[in-house]
Each structure stands twice: as structure tokens, then as C-alpha cells.
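**Q** For reference, the sequence and a predicted model appear below.
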Amino acid sequence: MTGLKLNWGRKVAAAAVCAVLVWATPALQAACCYFSAKNADILQPAQKVFITWDPVKKMESFTVQPKFEGNAQDFGMVIPTPSQPKLHEMPRDFFKQLAVYSIMKKREFPHSKLLPQREFARLAQNAMRADRDGRGEGKAAPRPNSVVVLEAGVVGSLDYKIISADRADDLFGWLKDNKYHFAGDEATLNHYIQKKWLFTVMKIDTMQMKKNKDGSFSGDVTPTRFQFSSDRLVYPLKITQISVKDKTEALFYVQAPFKVDLPGDMSYKYTWLPMLQAASGCTPGGLPGRCGDWLQAINPQIPPILQRGQNLGFNFVAGRRPQPNKEGHIPTTMEWARRLTVDDIKILQGRAPYSEKIPDVDEGFTPADVKDPQRSAAVIKVIQARLARARQERPFGYRVREAPADDVKNLRHLAGHLEEGKFITKFRKIFARDEMNDDLLIVAAREGNQEDFSEYQEILPTSPP
């Protein structure tokens, strides 16, 4: 049997931010593996995942959108789940909208473009001083094949079949009979068969994708939601190991009644706690998102956590992405976290602003007004009063973020998918191959008996302004 040779790639989107605790956002891949016709190659440079978990109903769903490039005219992917899933097509730009929704906020103050520069510098220095003063802290024998097609259909542009199998070699045979050559071994499929998991096999219609000059195809697969019952919040990670040489990267958005984390040494706490400590005393008004309260609640547990991180070789450096330790393991990083309120849902519906607006203290005046000998003093006095009023109303700055107006408008497509009262945790993990020997459990974020209720939606500074 000829295996598919997969070349996994990453796209790195980097943003230069001076002296802040925020990292670049590369692309990723996980959850499924591709299989193609013989002698054809497929490259999967990216995949995004949104998971929703209801622990009461024991119901999980995840939405995936792989990206592919390659010369195969016909190929597909296989995704295992613990029970038979229901498939639903999702909005084409679903993950783009999630990215826009979770853009980090930054603090800004109003400033005048009309005041003399010396006067503006004096006001800025006074304001910064005031902030600091008030700051807080094989081959089978001939026999009946055990593969059963439970369901077949089309979701978006994808043909799919949901199948069960009692033997891994039967599943291999089924794939071969359907003119696909699986990249992995029977052991990986048997891992899921022994757990009585089912497999969703999806064919990709390359005719709907972009065709390059060299005859290859590229494009994003239709975002598809898989909804199924499960006793635990689990993600099919082991199957990805088939197509990974050294490591693979995954970005998760997880919606649950509580903030989530990865268990044991995969936890994001080894980067999250040092980030908060580095920002403590540097953020006007104290750490946002109840982060200070959480640090205080777990204060006795912090030293052993940090010591464990050092023992693992997870050395935190402000403003830099984590580096691998001697085993090649990289700590998880939290990228955004918030319990959604009614106001957050209103943003999706267009009934609340996406960002705070910085007042225009120069409104109504022109450069000529400032230069006019008879009006200059009065104009400057008005602008100064506006600056003072803005400083009084927002002593720690306006929390702002920017996105194209059309992208903000399209956030409405997230309505109905994001739920009031649920916690959204966005985190990133680069998995070394030896960290992918089993499927991924996602757990409630807590330290001992203390729930991690800290939120993260604002860029944190590393030094005083």
C-alpha cells in the first residue's frame, strides 16, 4: 500500500508591537488527516478549530476548516468522533470573523493635533505622572468486510460518508477499494476502532477551488461543524500524528460554561502566570479582567507552578513567543479569554460598538484658529478642557481596537454560535510528535479548588508607560 507523502506547512502572520505581551499568530493543522489518490500529493498548510461543549447534555461540537494545496484531482479527509455526528455547513468566513471578534484591545488617550507640541508634551507628562500615582498592582483474508456506511450526504461542497468498522484492516481495504491510499498505519485506525469511535470520510471537490498555472489546486475547505454526544470534552489528536514529521500547531477557540485549559504540563499556566506577573504594576488601574483577583486567590500556589515551569525548561521572555525545551516541547499560550455578556452579543448584532471611541478634542477648530492672535488663547483653553475631561472620564485610557468596517458588520454571522454567559478560551499549542500519542482532553481551568476566572482581551504592557 502506497502512503501519501504529506508536507505540512505553516504561515506566520507577525505583528510588531513594542514592549507588550502579545505573540504572532501562525497557521495550524490538527483533527483530521488527508488521503489522496495514488501518486498525488496534498499539502495542508492550515486548519482552524472552534469547539462548543455542554457538560450537562454531554454534547460536543467542533467546526474545522482545513486549507489545502496540491496536485490531486480528487482527495479527501477522515475525522474520527466518539459517536455519530450531525454535520452542518458553517459560514464561509466563520474563522475570519472569530479572529476579528477576538482582536486584542489596546489603551489610547485622546491627543490634540492643534496644540503647540511643547504644550501637548507637558500635558502628556502630567497625565502619565497622575496615572503612575494612582496605579494598582496489512492485507486481510477473504471475509465479509466489517465497514458499514451509516450515513452519506453532502454538506456545503463536500461529499461525506459516516462509517463504522470493527477492524483496522477492513477500513484500510475500504479506503483502497474507493481508490484512496491512507498515509498512516493500522495501529492509528485501530486506536479509534478499539474505542468504538466512528469515522467521517469527506471528499473534496477541487473543481470549486482555485486552479493554479501549474495545474495544482488551492483553497479553503467549507467550514463544517460536527456535533456529537461525548462523555468528555475530547479532541481527535492522535490521527494527526500520522501526517506529522516533527510537530504540528493547533489554535483552539473553546466555548464552554467555564474557562478551559489543557491538562498537566500542557497547561497554558506556564506562560499565563509569568505574563500577568510581568504586567503587574505596569497597567494603569491594575490588571484588567479580574486577573489581579485571580493571582491573589492562588498566591500560595504560584511559586511551585513557576518552579515546575522552570524544571520543564519553559523559560518565559516578555514579548517573545515560547521556545522549545530540550525535549522539543513548547508550552501552550492563551491568546484571548472572556465570559460573554449581553453587551458582547449586542456587538455581534450591531447594537453595541465594536470599540470605544476616542474623543476628537480638536473638533470644530482648524490650524488657523490656533494661529489667530485673537482666538488662539481661547481655542487652546477649550482643547485643554476637553483633554482634561477625557482624562477624568477615562483615567486609564480608552480601550480600542481596529478592524475594517465590513469585517465588523459581518460579525453578525457569529450570532447564534456564540452564547451569552459562556466562556470563550482561545489558546495555541504546538504539539511535538511524542505529545500526540493519544487524543486531547480539554479540562476546566483551575488551580486546586480555585477556578481560573481571569479574562484576557487587552494587550498587557511589560513596563511602565
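**A** Perfect, I can see it now.

**Q** element containing the residue of the chain most remote from its centre, please.
**A** Relative to the centre of the chain, and counting by CA atoms, centre = their mean, the farthest-placed residue is Gln374 at 56.2 Å. Element membership of Gln374 [criterion: DSSP states H and E] is none; it lies in no helix or strand.

**Q** how much space between it and Ala368?
**A** Taking CB to CB, to the nearest Å as the measure, Gln374 falls 12 Å from Ala368. Where C-beta positions appear, they are placed from N, C-alpha and C, glycine not excepted.

**Q** Ala318 touches Leu276, doesn't it?
**A** No: Ala318 lies out of contact with Leu276 (CB atoms under 8 Å); the separation is 11.4 Å.

**Q** These two: which has the busier surroundings?
**A** Leu276 (21 against 16; other CB atoms under 10 Å).

**Q** So for stretch 379-386, mean pLDDT?
**A** For stretch 379-386, mean pLDDT rounds to 91.

**Q** ignore the last one, stretch 428-446
**A** Mean predicted confidence for stretch 428-446 is 93.

**Q** Please, where are all the helices along the protein?
**A** For the chain, helices defined by DSSP state H occupy the ranges 94-101, 117-133, 168-177, 186-194, 269-279, 291-297, 302-312, 342-349, 367-371, 376-393, 405-409.

**Q** can you put these in TSV and add distance to Ile442?
**A** Formatted as TSV, the helices of the chain follow (distance: least, CB to CB, whole Å):
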stretch	distance to Ile442
helix 94-101	17
helix 117-133	39
helix 168-177	26
helix 186-194	18
helix 269-279	14
helix 291-297	20
helix 302-312	19
helix 342-349	22
helix 367-371	56
helix 376-393	40
helix 405-409	28
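
**Q** And the closest residue to Lys57 other than its chain neighbours, how far from Phe199?
**A** Leaving aside its sequence neighbours, Lys57 sits nearest to Ser229 (CB to CB, 6 or more residues apart in numbering; 8.0 Å). Counting by CB to CB, the gap from Ser229 to Phe199 is 16 Å.

**Q** ok, now Cys291?
**A** 42 Å.

**Q** Ok, Tyr235 next?
**A** Distance from Tyr235 to Phe199, by CB to CB: 15 Å.

**Q** For Ser229 and Phe199, indicate the residue with more neighbours.
**A** Phe199 (23 against 14).

**Q** what sits against that one?
**A** Counting by CB atoms under 8 Å, 6 or more residues apart in numbering, Phe199 touches Val78, Ile79, Pro80, Ile162, Ile163, Ser164, Ala165, Leu171, Tyr192.

**Q** what number of residues lie near Lys58?
**A** 14.

**Q** residues contacting it?
**A** Contacts of Lys58 by CB under 8 Å, 6+ apart are Ser229, Ser230, Asp231.
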